[in-house]
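Enquirer: coords below, sequence missing:
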């Protein structure tokens, strides 16, 4: 479904005498996989998502979704949705309008599309909030609006850049369960950045460990997180004594 093949990206030096940093990624996910992308801060996780989403262009390599390369496509043309740490809602638009943007940026919806907005809001538990502005919602409710906007686009790939990290544990747990439920219902593939092994274990079936701009380990979530063998991964998980 998602194939990242020998993808390479080089950061130019930020300071004099610094060497450029080259990141390289190679992995694939099947339709319906929920993959947790873990690793230290600055390892390259967000850069990988930005490359897949089209916000950065790689130096070499390929990214394909359903065997169709998306290299060179603008972000809006790529068959994916992305949910950020910030919900990116428009404060002057209602919940209904913010969700509807996922269907038509001009907000000119057919009767069928209007029903899709109501259905998406119902799936995330916000059907009774459609007339409210974002300022009148809690942080968890705002992220539900952003998630509904992603899902209504009906794209096969959903990228999550720690969108629930600022929520209280109970709310974060609810959102993770909601993502898992909706992904299963729509057969969506999810690639999720997280710094929490507990969150990864809750919903993911795959795990990708990134360190120093490279994938150091990948595979089944139980094998990697609960029975890790790779030394760098064990160190990241706090399982080494050095």
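Expert: Everything's here; your move. Everything numeric in this text was worked out from a predicted model, so none of it was measured.
Enquirer: The lowest-mean-pLDDT helix or strand in the chain: what's the following helix or strand?
Expert: Averaged element by element with mean pLDDT, DSSP states H and E, the chain has its least confident helix or strand at helix 169-186 (a mean of 89). Downstream of helix 169-186, the first helix or strand assigned by DSSP states H and E is strand 189-193.
Enquirer: which helices and strands does the helix or strand just after that following strand pack with?
Expert: For strand 189-193, the following helix or strand on the C-terminal side (DSSP H and E) is helix 197-203. Packing partners of helix 197-203 (3 or more C-beta pairs under 8 Å, 6 or more residues apart in numbering; DSSP states H and E): strand 34-38, helix 169-186. C-betas here are computed from N, CA, C, even on glycine.
Enquirer: List the buried residues of helix 197-203.
Expert: Going by neighbour count (16 or more other C-beta atoms under 10 Å), the buried part of helix 197-203 is 197, 199-200, 202-203.
Enquirer: Stretch 92-112 too?
Expert: 93-103, 109.
Enquirer: remind me which residues of this protein are low pLDDT?
Expert: 14-18, 241-242 (pLDDT under 70).
Enquirer: Outline the domain layout of the chain.
Expert: 1-79+156-242, 89-154 (automatic domain parsing).
Enquirer: measure residue 43 to residue 101 for me?
Expert: Distance, residue 43 to residue 101, using C-beta to C-beta, to the nearest Å: 32 Å.
Enquirer: I misspoke; the intended subject was residue 41.
Expert: Distance from residue 41 to residue 101, by C-beta to C-beta: 31 Å.
Enquirer: With residue 236 instead?
Expert: Taking C-beta to C-beta, one finds residue 236 at 37 Å from residue 101.
Enquirer: do residue 233 as well
Expert: 39 Å.
Enquirer: Check residue 129 too.
Expert: In terms of C-beta to C-beta, residue 129 sits 16 Å off from residue 101.
Enquirer: do the same with residue 9
Expert: 29 Å.
Enquirer: Mind checking what secondary structure the residue lying closest to residue 126 once chain neighbours are set aside has?
Expert: Nearest non-adjacent residue to residue 126, counting by C-beta to C-beta, 6 or more residues apart in numbering: residue 144, 5.5 Å away. Of the three states, residue 144 takes helix under DSSP: H, G, I helix; E, B strand; the rest coil.
Enquirer: I figured residue 144 was touching residue 179, is that so?
Expert: No. Look at residue 144 against residue 179 with C-beta atoms under 8 Å: they stay out of range, at 10.5 Å.
Enquirer: For residue 65, grab the count of nearby residues.
Expert: 20 (other C-beta atoms under 10 Å).
Enquirer: who are the neighbours in contact with it?
Expert: Contacts here follow C-beta atoms under 8 Å, 6 or more residues apart in numbering; on that basis residue 65 touches 1-3, 78-80, 156-157.
Enquirer: Drop anything exposed from those.
Expert: 1-3, 78, 80, 156-157.
Enquirer: Take those residues and keep only those in strands.
Expert: Here DSSP state E is the test, and the buried ones among the contacts of residue 65 give 2-3, 80, 157 as lying in strands.
Enquirer: With respect to residue 139, which of the residues you listed is nearest?
Expert: Lowest distance from residue 139 to these (C-beta to C-beta) belongs to residue 80, with 24.3 Å.
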